[in-house]
Structure formats: structure tokens, C-alpha cells
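Colleague: got a sequence here, can you model it:
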Amino acid sequence: MQLPPDSDLLRSFLAVADAGSVTAAAGRLGRTQSAVSLQIKRLEDNLGQPLFHRQARGVALTPRGEQLVPYARRITALLDEAAVALRVRPLVGPVRVGIPDEYTGTILPRALAAFAERHPGVEVSVRCDHSEPQLRALDADDLDIAVIYDWSYVAEGEVLCIDPTVWVTSRTHAQHLRRPLPVGVYFRSDWCRDFAQRSLDQQGLDWHVAFECDDAGAMRVAVEHGLAIVPISRSTIPPDCRELTAGDGFPMVDSSRVILKRSAGGTSPAIEGMAEMLREAFRPLMAAGAP
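Modeller: Model (predicted):
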């Protein structure tokens, strides 16, 4: 048993499997019913067994047909991906990108690695920093593009997603049950003072600073090891930790927009390619929607 190299046979097979009818599949593919039926017969002859049960109304997959479906999807998806990659003109030139440290262990490493693999001629340099320094770097033309948080909803730029900051506790250590509350804070941070700490004060919670740092990675370590509850982005909650909700007596800290901003110094195909890669990286969070 050997699959034919003609991907059109697999595409016709998937169209019939999805539509449940040769006639409907022919309409989707823009072909005649007889042409699609012939392709299905060729595929079945090649495999030496039927892929569909013919019924009074439409068709149903045989066990072998059901077995073939995931393989056919993978093969056609890989062929489509290869076609796109070969059509895309390789990008060249430098790109200086700023990213928040919240995403350095989750979304962005995959995106940057994929971009570098797809466009090896682009010289990518990454600055990991908080939003305010990144904005200054954009104004000084030290960055070409940056991902920043906009918790006050005043920044201009392209919205990549809404990723709220929430209080997080360890499931094992349950720091949120202690009094006074052990809290992790960012030192030298106006946002932490005006949003995170104020949210606790407004709830009348008794708390004390148990951990101080300047990056989200350290915050995640602190909550994982039972040192404190911490304010971090909902999408970056570590395993074995959970969000503290209103049911626990804790407010959401903010509902920050994640913004893509460019330098006023101009753009290039490489910069726009990086922008598209960042959009793709954040698309799952955008699809999740606002809280």
C-alpha cells in the first residue's frame, strides 16, 4: 500500500470527508462531481481498500478512511507551508526589537526563533525591558519596534491583545491565606505602586513586602517557591500556580492592552516582517478576548 504523490487526491479526499458528500465537495473545489468521484476512486485503488461507505444521502468514512484523515491533513498542511516559504522573498537588514520580560519565557522566544529561521539574513537584536524605557528607546531611535503594556489605555499603536495583570498564588504553598499577606513588588515601579499595591489597599487587605525584584521572571520564581503572592500577566501564570479571583477576595490588578509600536525613524521590509511575526505570536491571546 503506497500513497500517491498527487496531493490533489488527498485534497479531494478531505473535501469529501468534511462535506459528507461528493456533490458538496465538488462545489467547494470548483470541480465536477464526476471528476471528484474519479479522484476518490484513484485514491482507493492505490490504497487497495475503500475509504467511504456510499449511502443514500452522501457518504461516510470507513475505518481506513478515518485513519487516513489526520495524515492527509498533515501532508497537505506541510505542502501549503512549503509553498508559502518558497514564495516568500527572504528579508535582509537589521531589526532592533524591544519586548517585555513577561514574555521572554513564553510567547516571544518561539516567535523570534521562527523569524530567525525563516529570514537568516536579518540581524535581530532584542532588548528586554519595561514599557517606559522601551518608549524612550523608540523616541531616541534606539529601537525599531517594541511590544509594550498600556494599562492606562492612552498609548497609540496596534493592539496585539488584552492580557490582564492578576494576583497569583502557589497551589502548594497557598500564600494568599497568610496574614499579613506576603507580597512581591517591583521596586522603582510607578505601575506597581499605582495599580498593584493600591488594589490591595482598596480591598482593605493587610499585606507586607516579602519579595522585591525588577523582572517578571523573578516574580514567577517567588510565587512558585512560596515566597509571596505576585502580580503577573494572566497568560504567564506558572504551572502549579493559579489566579486569585474575586471569589478569593482579590481584585484584578489591571486589564492592560499589549501594544505594538514602531519608531518614528522609518520602517523596512525586515521590520514589517518582524511586526507580522509578533502579531502571529500574540494571535492566540487576541482570540481569547478581553476578560
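Colleague: if we ignore the residues flanking it in sequence, what's nearest residue 129?
Modeller: residue 98 (6.1 Å; C-beta to C-beta, 6 or more residues apart in numbering). From N, CA and C alone the C-beta is placed, and that goes for glycine too.
Colleague: now do the helices in the stretch 151-291 of the chain.
Modeller: Secondary structure of the stretch 151-291 of the chain (DSSP state H, counting those that start in this stretch): helices located at 190-191, 198-202, 216-224, 269-288.
Colleague: dump the ones you listed into CSV; add mean neighbour count and mean pLDDT as well.
Modeller: Shown next, in CSV, are those (neighbours: other C-beta atoms under 10 Å; pLDDT from 0 to 100):
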stretch, mean neighbour count, mean pLDDT
helix 190-191, 14, 84
helix 198-202, 14, 93
helix 216-224, 21, 92
helix 269-288, 17, 83
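Colleague: among these, which is nearest residue 261?
Modeller: Of all these, it is helix 269-288 that lies closest to residue 261, at 10.1 Å by C-beta to C-beta.
Colleague: just to revisit the earlier point, what angle do the helix or strand hosting the residue nearest to residue 129 and helix 269-288 make?
Modeller: Taking DSSP states H and E as the definition, residue 98 sits inside strand 93-99. Interaxial angle of strand 93-99 relative to helix 269-288 (axes from the mean of the first three to the mean of the last three C-alpha atoms, to 10 degrees): 30 degrees.
Colleague: list the residues that contact residue 15.
Modeller: By C-beta atoms under 8 Å, 6 or more residues apart in numbering, the contact set of residue 15 is 25, 28-29, 36.
Colleague: remind me which residues of the stretch 1-150 of the chain are low pLDDT?
Modeller: 1-6, 84-90 (pLDDT under 70).
Colleague: what about 50?
Modeller: For the stretch 1-150 of the chain, the stretches with pLDDT under 50 are 1-5.
Colleague: what's the closest non-adjacent residue to residue 259?
Modeller: In this structure, residue 259 finds its nearest non-sequential neighbour in residue 157, 4.0 Å apart by C-beta to C-beta, 6+ apart.
Colleague: how deep is the one you found tucked in, by neighbour count?
Modeller: The number of residues packed near residue 157 is 16, by other C-beta atoms under 10 Å.
Colleague: quick one, what contacts it?
Modeller: With C-beta under 8 Å, 6+ apart, residue 157 has these contacts: 148, 150, 259-262.
Colleague: residue with max distance from the center of the chain?
Modeller: residue 56 (43.9 Å; C-alpha atoms, centre = their mean).
Colleague: now that one: how far from residue 21?
Modeller: Plainly put, residue 56 is 11 Å away from residue 21 if you go by C-beta to C-beta, to the nearest Å.
Colleague: how about residue 139?
Modeller: Distance from residue 139 to residue 21, by C-beta to C-beta: 59 Å.
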